Every structure is written in structure tokens, then in C-alpha cells.
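1. Mind folding the following:
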Amino acid sequence: MSVTPTANSDLGSFYLVPNYAVRIGDSFDITLVHTLGKFPATAGDRFLFERREHRWIAPQFTDPEVPNYVTARATSGAHLALSATPRNYSAYTDTPTFAIVVEVAAGELKTGDTLTVTIHNPQVVQPVAMSTVAFPTTVKFFLRREIDGQAYYAPDTADLCIIAGPMDHLSIHLPGGVATGGEFTAHLDARDAFDNLADSYYGKLAIDTGDERLLQVELTQGRAVLDATADEPGIYYLTARDLSSGRQTVSNPMRVGEPDELQVYFGDIHGKVFFCGGTCDVDQYYHYAREVARLDFSAITGVSELFRHHCTGYRDARPPLTDSNWAELQRAARQYTVDDEFAAFLSFEWQSDWKPELIPDSFDHIEAAAAKSFGDRNVYYLNDDEPFFLPFDEVSNTAGKLFDCLRGKDALVIPHHSSAPEDFGGVGLKGADWTDRDDELMRLVEIYSKWGCSEYSGCPRKLTNHSQGRFVQDALAMGHRLGFIGSSDTHLSIPGGSGVEGGGALRYYRPGYACVYAPRLTKQDLFAGLRARRCYATTGVKILLDFYLNERPMGTELELEPTAPRHLEGYVAGTAPIESVEVVRNGRTVHTQLGDGGAVLEFAWTDASDMREYAFEASGRAPFTYYYLRVIQRDWEMAWSSPVWVDMA
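-> Prediction:
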């Protein structure tokens, strides 16, 4: 097992130009400056300029007219040779992370000599060609030297601070619901072109509350807060117009109901931080979820996987989820959970996704790989003092063993991108193996994420690559009773972010949301709502959706005679006009109600057919039929209710 290089103050100084913050989209060159300390360099010695932001520039050394052209020079006049070498500190590198290698080809550098490396016109290509990544961050460059067989880092990092761009549009975030007479807060934000908070913007907004009242609020550092009281039941939207630019926006819908009604809360519970494939630390992640995306709840899914050789930890031949990383996730879940404000769930991603023949002999941390892979599943805990389990430990190396380890705990196991292909990136099965059924623990599936939708073969926004037999409807037909959520699986560490994370064959879509009905915004109530499958999925917009069958809410099970009428009803309040609401029964669309041009639609339909004609049969179950709603807006954003299951009496 290799040892992580340590910092050595004798290497000398290291800094970056420009030494000021750049805005997203600015044009500039990056110059890395290293003044040698006690260690000279002669022919054959190398300097590695590494960065830990894996979705940024890929250096090139041949064409000065093309972005990311790299040059280097030494004040000593030494002849330098340039190249790049993979230094993948974060997983899923669609744009590979490269260290710039400067090798002394002839001559030498002595103490006090300066080596400069310039990256001309840095540019990324996702989501569009631009000079920075599309979100505020600090890109850290590290200098590595290898001296007498020992690797060292310079003690200083060269940091490029990237801040939000200019104001491009406005956003208003309302809570999903509030009781009549209750107080609520509207968050009004100026946003840049990539939906970051444009905190350099100051202006005045005119607010239309929909009841012939106009209010004016001041935007300070791109933000304003409006506190109000909900007077009458109904669905409400706010409209805001910037008095300077004329830009206008409409909020998400908010439902005002009776005091005992459940409210909808929006979250994204699938994402990565630096040590498990993301780009920032846990505190920055939760700051984004709460203060930028305006989510009600979130989670970091620390990756507990068997084989991903380009993950952060694997450069040291160890898995990325360690005891210390897990302790950090536990700390964050406790710290960022505040009742009635925000909830952070403790979670890990159990990635049993290998091809045994591809596991290197050098991976001596692998103790007991199972004979096959079971796909990727996230485990969520109610409590913050629970353990994580590894897919290569004897006690937890199959789906069934994982369930046994979690038995008796307040835990949920949620498969994601279930229809992903058998061979994804040369690794193995990333989709779901539906063989093991567990009604206690596996009660939900992530039907949609940035990777796409796994609803059925040929569904809208389906994964670019997919495996037949692994779709959500396949699992439902096999007897799995799975409610639906969406989330992002963000690897840019922007939970709830509105932009497309592009670059790879499967990354084409806006991230999704998990939408949960609960009496209060507490971790306990949200977890109970998830466990009860009183939840639904959207394509990353705050659609309101509710669905009942014979007055039983989504996620429930009931028993009826085969010919007993099934009365379906519900409503949807969209973020755009509703195109249609479709009833899906046992994998087939059996009824469609078209929209009337508005964003709010009430729905009712009665199915009086004989369930014996189409009921599914599964081991250990009575013949059954399931129903759920699929909502499509005219802007092609979507939502899916969790099913209701009807067992034949």
C-alpha cells in the first residue's frame, strides 16, 4: 500500500496568478509560480502541478490557438519538457483530471530559481464552452516533487477563487405548503446563468401576490426575504419583476390547507462530496442544498464500493469511505438538522458493481467479493450513530446480507439508475438486480436522476444505455412494492442544482427531487413519510402532486374484490402549464386527462374493470394491481406519484 505524500516546507513557495476572484465565464490565463527552496532540480527531475477539481481543464501542449494550451519556463534557462498524467482524485471523471508534468530535460534549477507554468485560455466544455466550471468554487492546485524516491507536496496551495456571474434571472422559492393562518417565508434571489446566487446584485423587486396587492422589496447581495401569512385555502403563486432590468419570474406553487393536512417538502438525497466522487467538502455541500437550492432536506451518499480504481481513495489502495469520512458524515447529519428548518440524513452508497476478473491483485483491502454484482443501492438512516457496510466484506457482500445487517435499524435501502447497463464504464452492473425482495427495507426506488429515467423501456428521458428487465416497472411486476423518489446523484456537489451535469454518455438530464408528505419538517417525520411511500418524484422542479385510490393515499396497499370500483383522484399544481396526467395500471397507460392550459389540474377517474384480466402474480403475494400517476408539463418537466397497490380479495 502506498503512502500519501506529505507536505515539506523546504520545497519552496507556490502561488497562482490571478490572485483575485474571477467570475464564472470570465476570460483569463492561469499562471502557477514556484520558487525553489532547498531542493534543486536536474535533468530527469519532475514537477507535478496537480488539481483536485476533476471537471475542469484538460491541458494540451501542441496548439497555442486552442484553449488549455500550457507553456512553462524557468528563470535558469533550463530546457523543460511538458506532458500530462492522470491524477484522478475524484470519481467518474468524464473530463479526466490531469496533472501537468514539467520535466527538466536539460540544465538545472537551483535554490531561488523560479518555475512558471501558464494555462492559456482555460476552458471547459460542459454544460457549455466557458472558462470556468459553472458554479462558485475554489480550484486548488498542488505542487508535488519526487525526491530520492519520496514524494512531497509544497505546503502552500495555489487557489483560484471562482465566484458567481452577473444576474441573469430571478427565482422565488415558496414552501410546498402551509396551514391556513400560518406564517411562511418566500426567498427571492437573483441568479446567474447557471442558477447560482448572483450575490453582487442589488436591486428592487415588485411582487404580485395574486390578490391585487403589489409589494416592493430590496435585493441585497442578490437576496431578499418576504415573510407573510397564509389567509385562505388554495394554490398560490407569487410573481416578481425586477424594476431595473424588467426580468420577471413566477414562484413554485404553494398549497394552503387545513391545519391537520400534511405538507410537501422537497429534497435531494443523493450526492457526492470530495472524498467520494464530488468536488467540495460536506459543509459546502449542505450550504448549497439549504441556501442555494432552497431544499428542505438532503443527504450525502458516502460511497462504499468495491471497484472504482479512479476514486479518490484508491490512489492509496483503500476504499473512499473510511471510518474518518463516515464520522464526518455523521457529524454533518447532526449539525445541519434543525427542526422546522432543514434535515440532513446519514447515508452511504453500497456499490456492488464489479466484474470479479477486473479486480487487481494489488487491491488487498478486498476481503470477500461475491460471485456477482447487485448494482448500486443507497442506504439511509433515521439515526446519526449507525454504521456503514462494505460490499466486499463477508457479512455484507450480497444484497441479502446487506438487508440482514440492517434488520432492526431505522433504515431504508433505495436502488438507483436501476436500468443502467450490465457493463457500465468497464466496471460491471450499475443497475439493479431485482432478485432479492425486502418489503421492510427496500420500500423505495430512485426512478429518476441526472442519469435519466428508469421507469420503463422506451420511457421519456430514459438512460442512454440501459438493460432490459431492470426497469422500475419490471420490479413492480415481480412483486416489489416500491414508492418513487427522484434525486440528482450530483458529482459536482450541487444538490438540487438546476443545471445539467454533462460530459458522459449517461449524463443528459436535469437532476431530480424527492418530494415527501409529512406533518412537520423534522427528520423523524420525513423518514416516516419516506417509509410510508407517501412521496413522489419530479425532474427537479417543485411540482405539487397528490393521488388517492378509494381515499387511500399514494404508497398504501388495500384489498378489494376483483370487480370492485377503484376511484382515483388527485391534483397537480405545476411550475408550467400541465400537458397531461396519465394513469398507469400494471405498466400500461389506461387513462389520460389533458390539461386545459393552466398549471393547476384536478383529476378523477373510476376503473370498473375486472382485475382478474390483468392482475400480476408474484411469489408470496395475492394477485395484485398497481396504479400510479405520471404528470407531464408543457415544458416537458415531469412527476411520478408513488403507486397504490390493490390486492385481490
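
2. Send me stretch 238-256 as PDB with only the CA atoms.
-> This file holds the C-alpha atoms of stretch 238-256, laid out as PDB (Å, rounded to 0.1, in the frame of the first residue of the first chain):
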ATOM      1  CA  LEU A 238     -46.000  34.800  -6.400                       C
ATOM      2  CA  THR A 239     -44.800  36.800  -9.400                       C
ATOM      3  CA  ALA A 240     -41.700  39.100  -9.100                       C
ATOM      4  CA  ARG A 241     -40.400  41.700 -11.500                       C
ATOM      5  CA  ASP A 242     -37.000  43.500 -11.300                       C
ATOM      6  CA  LEU A 243     -37.700  47.200 -11.700                       C
ATOM      7  CA  SER A 244     -34.300  47.800 -13.200                       C
ATOM      8  CA  SER A 245     -34.000  45.100 -15.800                       C
ATOM      9  CA  GLY A 246     -37.600  44.200 -16.300                       C
ATOM     10  CA  ARG A 247     -36.900  40.500 -15.700                       C
ATOM     11  CA  GLN A 248     -39.800  38.600 -14.300                       C
ATOM     12  CA  THR A 249     -40.400  35.200 -12.700                       C
ATOM     13  CA  VAL A 250     -43.100  33.100 -11.100                       C
ATOM     14  CA  SER A 251     -42.600  31.100  -8.000                       C
ATOM     15  CA  ASN A 252     -43.300  27.400  -7.500                       C
ATOM     16  CA  PRO A 253     -46.800  26.600  -6.300                       C
ATOM     17  CA  MET A 254     -47.700  26.600  -2.600                       C
ATOM     18  CA  ARG A 255     -50.800  24.900  -1.200                       C
ATOM     19  CA  VAL A 256     -52.600  26.500   1.800                       C
END
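
3. In it, which residues are buried?
-> Within stretch 238-256, the residues scored as buried using 16 or more other C-beta atoms under 10 Å are 238-242, 247, 249-256. For every residue, glycine as well, the C-beta is placed using N, CA and C.

4. Among those, which one lies nearest to residue 578?
-> residue 253 (11.3 Å; C-beta to C-beta).

5. Give me the nearest residue to that closest one, chain neighbours excluded.
-> Nearest residue to residue 253 in three dimensions, chain neighbours excluded: residue 573, at 3.8 Å (C-beta to C-beta, 6 or more residues apart in numbering).

6. For that neighbour, give me its contacts.
-> By C-beta atoms under 8 Å, 6 or more residues apart in numbering, the contact list for residue 573 reads 235, 253, 255, 543, 544, 545, 599, 600.

7. List just the nearest of those residues to residue 632.
-> Using C-beta to C-beta, residue 543 comes nearest to residue 632 of those, at 10.5 Å.

8. Do you know the pLDDT at the closest one?
-> Residue 543 carries a pLDDT value of 98.

9. pretty sure it is touching residue 631, no?
-> Yes: judged on C-beta atoms under 8 Å, residue 543 makes contact with residue 631 at a distance of 6.6 Å.

10. which residues do these two both contact?
-> When contacts are counted by C-beta under 8 Å, 6+ apart, residue 543 and residue 631 are jointly contacted by 572, 574, 639.

11. so which strand or helix has residue 264?
-> Assigned by DSSP states H and E, residue 264 falls within strand 263-268.

12. That strand pairs with which strands?
-> Using DSSP bridges, the strands paired with strand 263-268 are strand 297-305 (parallel), strand 513-518 (antiparallel).

13. which residues are contacting the helix or strand following the shortest one?
-> In other words, strand 513-518. Later in the chain than strand 513-518, the nearest helix or strand by DSSP H and E is helix 523-531. Residues outside helix 523-531 that contact it (C-beta under 8 Å, 6+ apart) are 262, 265, 267, 296-297, 337, 339, 343-345, 380, 382, 410, 412, 443-444, 483, 485, 514, 516-519, 535.

14. From the residues you listed, list the buried ones, please.
-> For those, a burial check counting by 16+ other C-beta under 10 Å picks out 262, 265, 267, 296-297, 337, 343-345, 380, 382, 412, 443-444, 483, 485, 514, 516-518, 535.

15. could you measure the residue nearest to residue 219 when sequence neighbours are not counted against residue 190, distance?
-> Of all residues not flanking residue 219 in the chain, residue 203 sits nearest, at 4.7 Å (C-beta to C-beta, 6+ apart). Noted for residue 203: a distance of 7 Å to residue 190, by C-beta to C-beta, to the nearest Å.
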